[in-house]
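Visitor: Dropping a prediction and its sequence here:
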Amino acid sequence: MLKDKKIKTLIHNKFAKGSHSIIWNADDELKNSVSPGIYFYNGFTIRKPVIKSSNIREKAFLKK
């Protein structure tokens, strides 16, 4: 079952054209670590919305 809950606002800025990265440390707004699982994020470009998913277990594994 999917829960629709906001975890954290990662960034709220405008960027120049080009490629950009945002790093999420798997924490919430209060700096608490989130549980392992799949987390979805969304963002918007001038032309269309962006919706992607991210698997925390994979990210944690890559950090080691």
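Guide: Happy to help now that I have it. Numbers count the residues shown, from 1 in each chain.

Visitor: Determine the three-state secondary structure at Gly43.
Guide: Here Gly43 is recorded as strand under DSSP: H, G, I helix; E, B strand; the rest coil.

Visitor: Run through the bridge partners of it.
Guide: Val50 (DSSP bridges).

Visitor: what's the burial count for it?
Guide: Gly43: 11 surrounding residues under other Cβ atoms under 10 Å. To be clear about C-beta, it is placed using only N, CA and C from the backbone, and glycine gets the same treatment.

Visitor: Test for you: state the pLDDT assigned to it.
Guide: Looking at Gly43, its pLDDT is 73.

Visitor: what about the strands in this structure?
Guide: Under the criterion DSSP state E, the chain carries strands at the ranges 38-44, 49-55.

Visitor: low-scoring pLDDT stretches of this structure, where are they?
Guide: Residues of the chain that meet the criterion pLDDT under 70 lie in 1-2, 44-64.

Visitor: now the helices for it?
Guide: Assigned by DSSP state H, the helices in the chain fall at 56-63.
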